[in-house]
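# I need the structure of the sequence given here:
(4 chains)
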Protein chains: 2
Amino acid sequence: MRHTTTISAEDQAIATGFERFYELLRRLTPRSELSLTAASTLRRLERSGPHRLCELHAPEGVSQPAMTQLVTRLEREGLARRGSDPADGRAVVVSITEAGREAVARRREGRTRALSALLEQLPAADHAAIMAALPALEKLGDLLAENTN
Amino acid sequence: MRHTTTISAEDQAIATGFERFYELLRRLTPRSELSLTAASTLRRLERSGPHRLCELHAPEGVSQPAMTQLVTRLEREGLARRGSDPADGRAVVVSITEAGREAVARRREGRTRALSALLEQLPAADHAAIMAALPALEKLGDLLAENTN
DNA sequence: AAAGTTGTATAAGCCAGTGATATAAAAACG
DNA sequence: CGTTTTTATATCACTGGCTTATACAACTTT
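Now for the predicted structure:
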């Protein structure tokens, strides 16, 4: 066994396709309002409720000070809120505000609208192929989440 | 016809799936070496040859000064090169260097490797579904490229 | 109670973006 | 033609969002 694991041609093809696709998504994403990490963090708070600060920075892939600063900015803009844990005086519990939910929704809608405009130009078969792949993509996301927590 | 176009439930589902997927890709992408825009610009130069500076900033979604600075950085790191257009004294023609190609390759490989590790944990059916959707994703990318040039 | 550990914040610095503006070359025009 | 306007790039001053190193307070352990 060599130092480098083998990569199948299929995986190569998938990676290349995804690379292309990643840039598509990047360009579909409105530049404005929220940074990538800010948006991702807000979505996390929306999806799975309040979290302590220390639970946020690792999954978002940033340092702890970065998360402190991000939360400070989000709080200043009214999109998130700092609370405290009665059982642990050190902890800061971050939760999303109503305005935060709205910001997430706006961003999601902007992207959805742009994507929708593209999708309707796509042949039905391709549309269907994408639909069919969604659960697999979802699983892929879950796998990554497991691996890195 | 209303001001807002209708968005089908399918498109909603696709957008939500893609949102999730976007973050997956973001986390698969090594943080190091190249910024998102730098990587994307280098890939563009690799894919479709030298470009004038003014042709680069719009498709990459950054301002012209940002592109000037990016090219300056890329040049300083030896990944790209400024040339001139004999027919137009104002123009700066940017092209990728050998080192630039290598950097792109390294980045691609890093991502591919991470992705590959995930993909092999995925049931064969899901793997196949993703393969089947790749051409459709490709077309989606082409459509966006047409729309925004 | 002292020592160690954990959770958050602060500080200093870097990188990559912005808008406003400068400058030089090309194009348009009377 | 020469003058004006437009186009292509660069520079400047500034901001946001990240980094590492470090401080400090609150829990845990012994």
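
# Which helix runs longest in chain A?
Longest helix in chain A, counting residues (DSSP state H): helix A:124-148.

# buried residues in that one?
Buried positions in helix A:124-148, judged by neighbour count with 16 or more other CB atoms under 10 Å in any protein chain shown: A:126-127, A:129-131, A:133-134, A:136-141, A:143-144. Where C-beta positions appear, they are placed from N, C-alpha and C, glycine not excepted.

# ok, of those, which one's closest to A:Leu56?
Closest approach to A:Leu56 among these (CB to CB): A:Leu144, at 16.8 Å.

# from what I can see the closest one touches B:Arg26, true?
No - the criterion here is CB atoms under 8 Å, and A:Leu144 misses it with B:Arg26 at 10.4 Å.

# Distance of the spatially most central residue of chain A relative to chain B?
With distances taken as CA atoms, centre = their mean, A:Ser40 lies nearest the centre of chain A, 4.0 Å away. Counting by CB to the nearest CB, to the nearest Å, the gap from A:Ser40 to chain B is 6 Å.

# Dump the strand or helix carrying that residue to CSV, restricted to CA.
Assigned by DSSP states H and E, A:Ser40 belongs to helix A:36-48. Extracted in CSV, the C-alpha atoms of helix A:36-48 (Å, rounded to 0.1, in the frame of the first residue of the first chain):
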residue,chain,number,x,y,z
LEU,A,36,-20.3,32.6,4.6
THR,A,37,-19.6,31.8,8.2
ALA,A,38,-22.3,34.1,9.5
ALA,A,39,-24.9,32.6,7.3
SER,A,40,-23.8,29.1,8.1
THR,A,41,-23.9,29.7,11.8
LEU,A,42,-27.3,31.3,11.7
ARG,A,43,-28.6,28.4,9.8
ARG,A,44,-27.2,26.1,12.3
LEU,A,45,-28.8,28.0,15.1
GLU,A,46,-32.1,27.9,13.2
ARG,A,47,-31.8,24.2,12.4
SER,A,48,-30.8,22.9,15.8
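
# what's the following helix or strand after it?
Heading C-terminal from helix A:36-48, the first helix or strand you meet, by DSSP H and E, is strand A:51-52.

# just how off-centre is that next one within its chain?
17 Å (CA atoms, centre = their mean, to the nearest Å).

# Briefly note if that strand comes near chain B.
No - between strand A:51-52 and chain B, judged by CB under 8 Å from any CB of the partner chain, nothing touches; the nearest distance is 16.0 Å.

# That strand near DNA strand C anywhere?
Yes - under the criterion of CB under 7 Å from any atom of the strand, DNA strand C is reached by strand A:51-52 at A:Arg52.

# Direction included, what does that strand pair against?
Strand pairing for strand A:51-52, using DSSP bridges, gives strand A:88-96 (antiparallel).

# what mean pLDDT does the strand it pairs with have?
Mean pLDDT, computed over strand A:88-96, is 96.

# Which residues does that strand contact?
A:42, A:45-46, A:49-54, A:56, A:71, A:74, A:79-85, A:104 (CB atoms under 8 Å, 6 or more residues apart in numbering or on different chains).

# Could you identify the helix or strand that succeeds it?
helix A:98-119.

# if we can go back for a sec, the inter-axis angle of the longest helix of chain A versus helix B:98-119?
Calculated by axes from the mean of the first three to the mean of the last three CA atoms, to 10 degrees, helix A:124-148 forms an angle of 80 degrees with helix B:98-119.

# Helix A:124-148 packs against which elements?
helix B:9-28, helix B:98-119, helix B:124-148 (3 or more CB pairs under 8 Å, 6 or more residues apart in numbering or on different chains; DSSP states H and E).

# Can you add distance to A:Thr112 and give those back as JSON lines?
Listed next are the helices and strands packed on helix A:124-148 as JSON lines, based on distance: least, CB to CB, whole Å:
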{"stretch": "helix B:9-28", "distance to A:Thr112": "4"}
{"stretch": "helix B:98-119", "distance to A:Thr112": "25"}
{"stretch": "helix B:124-148", "distance to A:Thr112": "14"}
